[in-house]
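1. what follows is a predicted structure for the sequence shown.
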Amino acid sequence: MQTTSKTPLRPLLALWSSGTSPYAAVASGIACLWGPAHGGANQACLEMLEKIHEDGGVKKVGEFMEKVKDKDSGVRLMGFGHRVYKNFDPRAKIMQETCRQVLAELGLENDPLFKLALELEKIALEDSYFVERKLYPNVDFYSGITLRALGVPKEMFTCIFALARTIGWISQWKEMITDSEYKIGRPRQSFVGSVKRDVQPLKIR
């Protein structure tokens with residue numbers, strides 16, 4: 001399965017082909033991870049749980065889920081759904097148990113965010129709205145709680161996510177620049193827009 005941070009994207013290849021250092025190569029890979037749609041998803045999920053906790057905790061979960069179902073509310077359910085796994089993400093089950101074990105080891109069995117996460121999952125798995133849309137917990141749902149319990153600042157979650165991928169990025173970078181036929185990348189585009197367009201005078205723009 002290819003994802004944004006693993007696919008040799010054209011911008012990354014163009015950057016690496018300039019002969020950049022491995023530090024810049026890794027930084028560019030991390031930049032592809034950043035954001036709530038991929039590498040920053042566990043941070044976004046943790047912040048969602050923190051917000052629910054501030055608003056009243058477990059007793060407010062049902063109300064929150066109703067807002068999620070209201071497309072006009074602007075409330076999003078983070079940590080659910082996956083582009084490839086259309087049923088329960090198998091990694092999520094492992095991560096939930098890992099999270100439980102880590103919290104127990106640290107004496108945090110009653111972590112309020114973990115309780116919130118379990119309640120959110122329970123409601124989603126029993127509600128036809130989420131089941132019909134195949135919105136099941138993904139691997140990001142519990143990983144943020146685990147990293148937080150270990151003392152990792154949430155602003156560093158993406159970097160932790162990137163650690164396991166750096167060997168692949170560096171290997172690909174090295175393979176590229178040591179290729180005897182290596183050349184600087186010059187991405188090309190085929191223009192498919194209008195060949196000619198009239199320019200309106202400034203006064204009527």
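-> Noted; the coordinates are in hand.
2. where exactly do the helices run in the chain?
-> Using DSSP state H, the helices of the chain run over 10-16, 22-33, 41-54, 61-69, 90-105, 112-126, 128-132, 140-149, 157-163, 166-177.
3. pLDDT below threshold where in the chain?
-> Scanning the chain for pLDDT under 70 picks out 1-12, 35-39, 82-86.
4. apply 80 and report the result again.
-> Of all residues in the chain, those with pLDDT under 80 make up the ranges 1-16, 25, 29, 32-40, 81-89, 182, 184-189.
5. the helices of the chain: which one's closest to residue 191?
-> Nearest of these to residue 191, taken as C-beta to C-beta: helix 10-16 at 16.5 Å. (Glycine included, C-beta is placed from N, CA and C.)
6. list the buried residues in stretch 175-192.
-> residue 176 (16 or more other C-beta atoms under 10 Å).
7. just put the helices of the chain in CSV and tack on distance to residue 79.
-> Formatted as CSV, the helices of the chain follow (distance: least, C-beta to C-beta, whole Å):
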stretch, distance to residue 79
helix 10-16, 27
helix 22-33, 16
helix 41-54, 4
helix 61-69, 12
helix 90-105, 9
helix 112-126, 8
helix 128-132, 12
helix 140-149, 3
helix 157-163, 13
helix 166-177, 25
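8. who wins for proximity to residue 201 among those?
-> Nearest of these (C-beta to C-beta): helix 10-16, 37.2 Å.
9. picking up where we left off before, who wins for proximity to residue 188 among the helices of the chain?
-> The closest of the helices of the chain to residue 188 is helix 10-16. By C-beta to C-beta, the value is 9.9 Å.
10. for stretch 31-49, buried residues please.
-> By 16+ other C-beta under 10 Å, the buried positions in stretch 31-49 come out as 31-34, 36, 39-46, 48-49.
11. swap in stretch 62-69?
-> For stretch 62-69, burial by neighbour count (16+ other C-beta under 10 Å) applies to 64-65, 68.
12. rewinding a little: select, out of the helices of the chain, the one closest to residue 183.
-> Nearest of the helices of the chain to residue 183, taken as C-beta to C-beta: helix 166-177 at 10.1 Å.
13. please state the offset of the closest one from the chain centre?
-> Between the centre of helix 166-177 and the centre of its chain there are 22 Å (C-alpha atoms, centre = their mean, to the nearest Å).
14. over to stretch 123-130?
-> Its chain's C-alpha centre and that of stretch 123-130 lie 22 Å apart, by C-alpha atoms, centre = their mean.
15. gap between the two ends of that stretch?
-> With C-alpha to C-alpha, to the nearest Å as the measure, stretch 123-130 spans 9 Å from end to end.
16. touching that stretch from outside, list them.
-> The contact list for stretch 123-130 (C-beta atoms under 8 Å, 6 or more residues apart in numbering) reads 61-62, 65, 69, 77, 80, 131, 135-137.
17. now for those residues: which two are most distant?
-> 62 and 136 (18.6 Å).
18. where's the nearest residue to residue 17 once chain neighbours are set aside relative to residue 143, distance?
-> Spatially, and ignoring its direct neighbours in sequence, residue 17 is nearest to residue 185 (3.7 Å; C-beta to C-beta, 6 or more residues apart in numbering). Separation of residue 185 from residue 143 (C-beta to C-beta, to the nearest Å): 34 Å.
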